[in-house]
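Chemist: Got a predicted structure plus its sequence, pasted below:
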4 protein chains.
Amino acid sequence: MSTPFHTSRLVEFADTDMAGIVHFVSFFRYMESAEHELLRSLGFSVYTEIDGVPISFPRVAASCEFDSPARCEDTLDVAVTVRHVGKSSITYGFDFSDDGRDVAHGTMTSVCCRVEHGKPPVSIPIPDVVAKELKLLAGA
Amino acid sequence: MSTPFHTSRLVEFADTDMAGIVHFVSFFRYMESAEHELLRSLGFSVYTEIDGVPISFPRVAASCEFDSPARCEDTLDVAVTVRHVGKSSITYGFDFSDDGRDVAHGTMTSVCCRVEHGKPPVSIPIPDVVAKELKLLAGA
Amino acid sequence: MSTPFHTSRLVEFADTDMAGIVHFVSFFRYMESAEHELLRSLGFSVYTEIDGVPISFPRVAASCEFDSPARCEDTLDVAVTVRHVGKSSITYGFDFSDDGRDVAHGTMTSVCCRVEHGKPPVSIPIPDVVAKELKLLAGA
Amino acid sequence: MSTPFHTSRLVEFADTDMAGIVHFVSFFRYMESAEHELLRSLGFSVYTEIDGVPISFPRVAASCEFDSPARCEDTLDVAVTVRHVGKSSITYGFDFSDDGRDVAHGTMTSVCCRVEHGKPPVSIPIPDVVAKELKLLAGA
């Protein structure tokens, strides 16, 4: 059983659009931020060096379904679930709600990569110490 | 057979992130812009009034897979396909490429809604004149 | 003497650009968010109704000078000063720093407006209860 | 006499906010894009290498005043003026209008820098070939 990681997100004015609600791309920003907060909670960072190698987690896929609108100054609950930990990739699930009302739910798959500037990212195995923590969260 | 609608998108500096490549949320902005350009090409607009009713197309789902990085000042080719036209909803496919190289591909489902400010969007049938054009593009 | 209002801002990955630092437009988002947090601290909101009139604070001017780069996962200190409270307008100053290092400083002038959808914003006097609190902060 | 460089900008849905108009930070994105388009028109790029040195133009200051709202699908005229060319810095002026109506006007000062990843930007003289062209535009 996966244990969700919970965080919250205040909707800012700049996140809205002329329809008066949160613009859909804002949810992808929220997902990324929650992913990074989860990594920080494990003592890790989204952009770090391990043994002199710059490591980051570009995403290979992201999706979101929108159930009901969120509005400026709503404080959304964000539940992050680690769904799968592969050799290099991590798949997360995200559930956004506001006082129990479903707002949106999404998924994202990130890949652990060596990211040297000016070169294409190269996937590498997730460092053991991180993989171990993520697998605990995944309930694997 | 669906007929793709083609447009292009210049990658701007502000669309990139510290990994030196286009940030993934930018692709969702690109998809929305291409969708709206397609609507304009049919003489329609993303936010208009029909018989005094404000009409817009909030999305209920969006997804994207990222095949290879795009960089600042790349000019991406964007092929938009109308995959399905329902009573109220439209599903689009998007293929991003750069000189034949696959960059990303995504989907988005938008719903034709009456959007009165301060009220939740209410789905309504796609106006006949628009639905007809979209179905032609969908090859239905 | 003006009393600064302090808040902090975590730099997110999406706020950066390919130069590896915070993109300059992010600072304008940070300023707006700090302004709104200050308004909330006074029991007010950036988008509310007073006596049935929708009130908001569009800005008429914004500027920022950039002293040194900020990076992903920096936690910036943001000091907001109320510099001037006019009949309808408020001018704020913003000082961003990171552990004592100057990062950026900016100003913004917002105007209290009736904002009915589809009509141009119309400036109105700042409600007394808000003006009084802002003037206290301004040291006026 | 300075010769303005003209470009245009289509306002996209994602550039708007819940007040129904273009969000103010969008204008700073528009300014940056127009600056880069001007550089490209001179055969230059915002992020390039000269003699193996990565060159970019981080900004040290930006400001904008907002005269009247812009809305989704407006096509703004953008007039860029080169106001000053220093040893390392360039100051631009920007005038946004819509069918002759003033929308916004701003300024931006960028500094030619060597930008090696992970190091602070270091200002360097603007390459002669670029400085010469910019000075022609500045009417100096």
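Modeler: Yep, it's here. Residues are numbered from 1 along each chain as shown, chains lettered A, B, ... in the order given.
Chemist: Quickly find the element holding the most centrally placed residue in chain A.
Modeler: The residue lying closest to the centre of chain A (CA atoms, centre = their mean) is A:Glu35, at 2.7 Å. In this structure, A:Glu35 sits in helix A:24-41 according to DSSP states H and E.
Chemist: partner residues bridging the closest residue in space to A:Tyr30 that isn't next to it in sequence?
Modeler: What sits nearest to A:Tyr30 in space, not counting adjacent residues and going by CB to CB, 6 or more residues apart in numbering or on different chains, is A:Arg9, at 5.1 Å. All C-beta spots, glycine's among them, are computed from the backbone N, C-alpha and C. A:Arg9 has these beta-bridge partners by DSSP bridges: A:Leu76.
Chemist: my read: A:Arg9 touches A:Ala79, true?
Modeler: No. A:Arg9 is not in contact with A:Ala79 according to CB atoms under 8 Å; the separation is 11.4 Å.
Chemist: the more surrounded of those two?
Modeler: More neighbours surround A:Arg9 than the other of A:Arg9 and A:Ala79, with 22 against 15 (other CB atoms under 10 Å in any protein chain shown).
Chemist: Report all helices and strands that the helix holding A:Glu35 contacts.
Modeler: Judged by 3 or more CB pairs under 8 Å, 6 or more residues apart in numbering or on different chains; DSSP states H and E, helix A:24-41 is in contact with strand A:5-10, strand A:59-66, strand A:75-85, strand A:89-98, strand A:101-111, helix B:24-41.
Chemist: Quick check: can you name the pairing partners of the helix-or-strand element of chain A with minimal mean pLDDT and their directions?
Modeler: Ranking every helix and strand in chain A by mean pLDDT, DSSP states H and E puts strand A:47-50 at the bottom, with a mean of 76. Strand A:47-50 pairs in its sheet with strand A:53-56 (antiparallel), by DSSP bridges.
Chemist: circling back: pLDDT value on the residue nearest to the centre of chain A, please?
Modeler: As predicted, A:Glu35 sits at a pLDDT of 97.
Chemist: so it makes contact with A:Met108?
Modeler: Yes. When contacts are counted by CB under 8 Å, A:Glu35 is listed as touching A:Met108 (6.5 Å).
Chemist: How about the residues of chain A by chain C?
Modeler: Chain A comes close to chain C at residues A:12-14, A:20, A:29, A:32-33, A:36, A:40, A:45-47, A:72-73, A:117, as judged by CB under 8 Å from any CB of the partner chain.
Chemist: Quick check: which ranges of chain A have low pLDDT?
Modeler: Of all residues in chain A, those with pLDDT under 70 make up the ranges A:1, A:117-118, A:140.
Chemist: To what extent is A:Val11 buried, counted in neighbours?
Modeler: Residues lying near A:Val11 (other CB under 10 Å) number 20.
Chemist: quick one, what contacts the residue nearest to it when sequence neighbours are not counted?
Modeler: Nearest residue to A:Val11 in three dimensions, chain neighbours excluded: A:Asp74, at 4.6 Å (CB to CB, 6+ apart). A:Asp74 makes contact with A:10-11, A:22, A:98 under the criterion CB atoms under 8 Å, 6 or more residues apart in numbering or on different chains.
Chemist: How about the residues of chain A by chain B?
Modeler: Contacts of chain A with chain B, taken as CB under 8 Å from any CB, map to A:18-21, A:24-25, A:28-29, A:32, A:47, A:56, A:58-66, A:68-69, A:115, A:117-118, A:120-121.
Chemist: From those residues, list just the buried residues.
Modeler: Buried residues within these, counting neighbours by 16 or more other CB atoms under 10 Å in any protein chain shown: A:18-21, A:24-25, A:28-29, A:32, A:47, A:56, A:58-66, A:69, A:115, A:121.
Chemist: Contact partners for A:Arg71?
Modeler: Applying CB under 8 Å, 6+ apart, we find A:Arg71 in contact with A:11, A:16, A:20-22, D:18.
Chemist: List the buried residues for the least confident helix or strand of chain A?
Modeler: A:Tyr47.
Chemist: what's next to it, contact-wise?
Modeler: Applying CB under 8 Å, 6+ apart, the contact partners of strand A:47-50 are A:54-56, A:115, A:127, B:18-19, C:13, C:72-73.
Chemist: hmm, try it at 10 Å
Modeler: For strand A:47-50, contacts defined as CB atoms under 10 Å, 6 or more residues apart in numbering or on different chains pick out A:36, A:39, A:44, A:54-57, A:112, A:114-115, A:124, A:127, A:129-130, B:17-19, C:13, C:16, C:20, C:71-73, D:118.
Chemist: picking up where we left off before, which of the contacts of A:Asp74 has the most neighbours?
Modeler: So for the contacts of A:Asp74 (other CB under 10 Å), the most neighbours sit at A:Val22, 26 neighbours.
Chemist: Show only the entries of the contacts of strand A:47-50 found in strands.
Modeler: A:54-56, A:114 (DSSP state E).
Chemist: Pick the one among the residues you listed closest to chain D.
Modeler: A:Pro54 (8.3 Å; CB to the nearest CB).
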